[in-house]
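J.: just to be clear, the model below is a prediction. Sequence and coordinates:
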Amino acid sequence: MTLLEITIITMIRIAIIISVLLLTVSYLVYFERKISAWTQNRIGPNRVGWRGALQPFADVGKLLLKEDIIPSASNKSIHTLAPFITLVIAFSTYAVIPIGPNVTLFGYDIPLAVADVNIGILYVLALTSLGVYGITLAGWSSGSKYSLIGGIRSSAQMISYEVSMGFSIAGVVLVAGSLSPITIVESQYGWMWNAVLQPIGFITFAISAFAETNRLPFDLPEAEPELVGGYHTEYSSMKFASFFLAEYANMIIASALIVTLYLGGWQVPYIDKLGLGETLTVLIQIGSFFVKMGAVLFFFIWVRWSIPRFRYDQLMSLGWKVMFPLSLFNVVWVAVLIMLFNI
Amino acid sequence: MILEYILFAILGLVAVVTSVAMITRPSPVMSAIFLVLNFFALAGLYLLLNAQFIAVVQVIVYAGAIMVLFLFVLMLLNTDSEHAILKEKRKLKFIGIFIAVLVFIQIGYIVFYSAPSDSVTKEIAESINAGKIETIGTELYTTYVLPFLASGFLLLGATIGAIVLAMKKFE
Amino acid sequence: MLTEFGKIFIFLLLAIGFVGIALFAAKLIRPHRPTKEKLLIYECGENVEGSPWVKFNIRFYVVALIFLIFDVEVVLLFPWALTYQEFGFYGFLVGVIFLLILGLGMAYEWRKGDLNWDRTKPNIPELSKILTNKNVSNVKIDEQIKES
């Protein structure tokens, strides 16, 4: 293939992934509202389209037409920059996540991830560590007390849980012996899922992922009763929409990461024993990835509408005194496992 | 090869522009943002040299941890712009410019008058794999076990130091 | 030849372009009618009081400092984790010593109480204490509650 061909194929793949991501994000909002309504015995959105199915588009249209209010006390350039950073980072993480095994299409061998980088997991970790900027800058630049407190709280929370996230990932890398997400998925053949091998790492990673996405019970940065809207109190129109979209995009990425790292990615146990055709197998595998991801997403929403918010000191001591030692222990546990059973 | 040169030029330009902007911005937070951008350009340059580990560490540690700490400090202190300080100390400005010119001349001399010898280019060709994380991991076990563990102790020292300093502040 | 990093570079450029276009398009079609009251920051409808940039608890700074150190250790752990399976027991030993040093730092922090997030103890007036003083009128109880 020439350089031009590769570039064009890559760009098409990126365009597909970004648009699929956007569609999923908008429908995730819809499903969250529906599920919350179901939990609280309400009806939920039901006016726009069949059972409110067009609600996401109505929301986007409304936010597009809203006036953008930039408070005169704010630092205008950084105020605009912050949602931009948040959304770009939320989208870019998706570049390395594989949704299926390599497929052969029109004579090309195409991996079902935008890029198969040999340091993919570190790329994800790097982008997660940059996610702090959007929120911190948003809080600082708004010039509002609520925003500032929300921003500072949020960044302290995110960096606290990032450490245990890093150690949990180190456990996965120990088993796979590779930093490439595709190899990590391939190493979880059959029932050798990382969730089975290292349940502690799975739990610490999942909880850290909740904290990184600022979802309830970790949504202290926007604790409504005390901080109004937290770091996005002073945001309106498309800039607010950016934060909103980024939160849901981060949720999708977190669930995709949990599936890739711990739940075997696209792997379905014993599928090669069934003797299905190659195309059918690949289709089932891709489908299984999305089913697993959907289950994790439902779990995210379920937790949000079931569990109350932490107090801030509880949050910090959970992060440093429980998650951090546990993830450290997990690394040793996996190292011993490999030593004993030569996995 | 041409693509590589173009990327190098772009990233180098970004690095230079952002570092200049970082120094000249009056607002410290703006400076910090430009420094982060500069780190990105540097990470890109490292990737061009096939030094993947350094590139990622540049982003994770420098941009993701050290600069966050900086931002925290800037927010905690809420420093105002630096204009006032600069206006008072005119002399310092001249000394600064003088030193900058000296450094620039030195760099220019190195770039134009010292061509790399054959042995150096050979070493560069050999070092193409040196930046990979696998290579670094292997080296850490075989050649550099002691420095690796010593770095662990250094970090332990840093932890204790940080706590002692913070404790003093509390009292 | 376009490497995998090149693809990520394109992805980043497209993401930036996409978000930029979305934000810019909204700017073209939305109304813009600012008034003085609209541009005030939100403070529950009251007039804005004092500087928004308040002083913080130094704890946040300490957390960032501790995070920085452990972040470096995580990054140093990755090359070890990657090549662990090649080195057998020797690699295990090196890793365990490194993790032990790390754990030592954590234990020290724990012991010194830097992992605690102190919160100010709420001063709740206890009715039972006040009521033990017999022969007190209701007015006095109210005063005592106010004082404590």
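T.: The structure has been received and is ready for your questions.

J.: and the residue positioned nearest the centre of chain C, what helix or strand is that in?
T.: In chain C, the residue lying closest to the centroid (Cα atoms, centre = their mean) is residue C:60, at 7.2 Å. For residue C:60, the host element (DSSP states H and E) is helix C:59-112.

J.: what's the neighbour count on residue C:4?
T.: By other Cβ atoms under 10 Å in any protein chain shown, 20 other residues sit near residue C:4. Backbone N, C-alpha and C define where each C-beta goes, glycine included.

J.: what sits against it?
T.: Contacts for residue C:4 were tallied using Cβ atoms under 8 Å, 6 or more residues apart in numbering or on different chains; they are A:115-118.

J.: ok, now residue A:91?
T.: So residue A:91 contacts A:18, A:21, A:249, C:15, C:18-19 (Cβ under 8 Å, 6+ apart).

J.: try 6 Å
T.: residue C:15 (Cβ atoms under 6 Å, 6 or more residues apart in numbering or on different chains).

J.: give the helix, strand or coil label for it.
T.: Secondary structure, DSSP: H, G, I helix; E, B strand; the rest coil: residue A:91 is helix.

J.: before we move on, what about the one 3 residues further on?
T.: When the structure is split into helix, strand and coil by three-state DSSP, residue A:94 lands in helix.

J.: dump the contacts of residue C:4 to TSV, plus secondary structure, neighbour count and distance to residue A:65.
T.: Below are the contacts of residue C:4 laid out as TSV (DSSP: H, G, I helix; E, B strand; the rest coil; neighbours: other Cβ atoms under 10 Å in any protein chain shown; distance: Cβ to Cβ, whole Å):
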residue	secondary structure	neighbour count	distance to residue A:65
A:115	coil	25	36
A:116	coil	17	41
A:117	coil	23	40
A:118	coil	18	45
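
J.: could you check how far the spatially most central residue of chain B is from residue B:18?
T.: In chain B, the C-alpha nearest the mean C-alpha coordinate belongs to residue B:39, at 6.4 Å (Cα atoms, centre = their mean). According to Cβ to Cβ, to the nearest Å, residue B:39 and residue B:18 sit 9 Å apart.

J.: close to chain C: what parts of chain B are there?
T.: Chain B comes close to chain C at residues B:47, B:57, B:60-61, B:65, B:69, B:72, B:76, B:78, B:133, B:136-138, B:140-141, B:149, B:152, B:155-156, B:158-159, B:162-163, B:166, B:169, as judged by Cβ under 6 Å from any Cβ of the partner chain.

J.: let's see 8 Å
T.: B:47, B:53, B:56-57, B:60-61, B:64-66, B:68-69, B:72-73, B:75-76, B:78, B:133-134, B:136-138, B:140-141, B:145, B:148-149, B:151-153, B:155-156, B:158-160, B:162-163, B:166-167, B:169-170 (Cβ under 8 Å from any Cβ of the partner chain).

J.: which among the residues you listed end up buried?
T.: Among the residues of chain B next to chain C, those classed as buried by 16 or more other Cβ atoms under 10 Å in any protein chain shown are B:47, B:53, B:56-57, B:60-61, B:64-66, B:68-69, B:72, B:75-76, B:78, B:133-134, B:136-138, B:140-141, B:148-149, B:151-152, B:155-156, B:158-159, B:162-163, B:166.

J.: what is the lengthiest helix in chain A packed up against?
T.: Criterion DSSP state H: the longest helix present in chain A is helix A:3-39. Counting contacts by 3 or more Cβ pairs under 8 Å, 6 or more residues apart in numbering or on different chains; DSSP states H and E, helix A:3-39 is packed against helix A:55-65, helix A:237-262, helix A:278-304, helix C:4-29.

J.: next one: the third one to chain centre, how far?
T.: Just to be clear, that refers to helix A:278-304. Averaging C-alpha positions (Cα atoms, centre = their mean, to the nearest Å) puts helix A:278-304 14 Å from its chain's average.

J.: that helix: which residues count as buried?
T.: A:281-282, A:284-286, A:288-290, A:292-293, A:296-297, A:300-301, A:304.

J.: tell me the angle it makes with helix A:237-262.
T.: 120 degrees (axes from the mean of the first three to the mean of the last three Cα atoms, to 10 degrees).

J.: what is the distance between the helix or strand following helix A:278-304 and the centre of its chain?
T.: The helix or strand immediately downstream of helix A:278-304 is helix A:312-317, counting by DSSP H and E. How far helix A:312-317 lies from its chain's middle: 22 Å, per Cα atoms, centre = their mean.

J.: cool, thanks, signing off.
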